[in-house]
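1. Kindly generate the corresponding structure for this input.
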Amino acid sequence: MNKIGIGVIGCGTVGSGLIRNLPKANALIGERLGVQLEIKSIAVRNSAKNRDPLPITPVEDWKKVISDPAVQIVVELVGGTHDAFLIAEATLKAKKPLVTANKALLAERGKSCSHSPKNQPPPSTLRPASPEAFLFSKDCAKA
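-> Numbering: from 1, shown residues only. Here you go, the predicted structure:
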């Protein structure tokens, strides 16, 4: 079975829930899509913070997640809009698929992505996490 490396940026309630539930979900993902998602990199704001054990040692610099060659898909889970936009922009500039369900980001900054090549679709064969994410990736592709 093919493995897809994912990088998770943000390990709060949603990020830790993803990390905790991914091993269980991988059976269904494998059955339906023929792939397994494998966490290759995790970025957190404070690596010294007391938290549940993580499958790998986290880094504090989210740029390292995006630049990691083992990361094929970036999952943005930081919340807010400023850092989330910087992460989204850097991910798309690196030509990696981005998964986000950050509705505030999509509403406020969806049309202001400026680094994606013109007239090229977003670099993804997976469906977005939400219809809003699709609109964001379409807008970035047109920018």
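2. Please identify which helix or strand holds the closest residue to residue 38 other than its chain neighbours.
-> Spatial nearest neighbour of residue 38, chain neighbours left out: residue 3 (4.9 Å); criterion: C-beta to C-beta, 6 or more residues apart in numbering. For every residue, glycine as well, the C-beta is placed using N, CA and C. Taking DSSP states H and E as the definition, residue 3 sits inside strand 2-9.
3. Just the buried positions in that strand, please.
-> Buried residues in strand 2-9, counted by 16 or more other C-beta atoms under 10 Å: 4, 6, 7, 8, 9.
4. which residues touch it?
-> With C-beta atoms under 8 Å, 6 or more residues apart in numbering as the test, strand 2-9 has contacts from 15, 18-19, 34-43, 62, 65-66, 68, 70-78, 87.
5. if we can go back for a sec, will you turn the buried residues of strand 2-9 into CSV that also has distance to residue 24?
-> Formatted as CSV, those follow (distance: C-beta to C-beta, whole Å):
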residue, distance to residue 24
4, 17
6, 16
7, 20
8, 16
9, 22
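6. Let me have the residues you listed in JSON lines, extended by pLDDT and distance to residue 51.
-> Below are the buried residues of strand 2-9 laid out as JSON lines (pLDDT from 0 to 100; distance: C-beta to C-beta, whole Å):
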{"residue": "4", "pLDDT": "95", "distance to residue 51": "25"}
{"residue": "6", "pLDDT": "96", "distance to residue 51": "19"}
{"residue": "7", "pLDDT": "97", "distance to residue 51": "17"}
{"residue": "8", "pLDDT": "97", "distance to residue 51": "13"}
{"residue": "9", "pLDDT": "97", "distance to residue 51": "15"}
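7. Tell me the one of those residues nearest residue 52?
-> Closest approach between the buried residues of strand 2-9 and residue 52, by C-beta to C-beta: residue 8, at 13.6 Å.
8. in the sheet, who's paired with that closest one?
-> Beta bridges link residue 8 to residue 42, residue 75 when assigned by DSSP bridges.
9. Distance of it relative to residue 22?
-> 9 Å (C-beta to C-beta, to the nearest Å).
10. what is in contact with the two at once?
-> residue 39.
11. Tell me the predicted confidence for the spatially most central residue of the chain.
-> For the chain, the residue nearest the mean C-alpha position is residue 75 (1.5 Å; C-alpha atoms, centre = their mean). Looking at residue 75, its pLDDT stands at 95.
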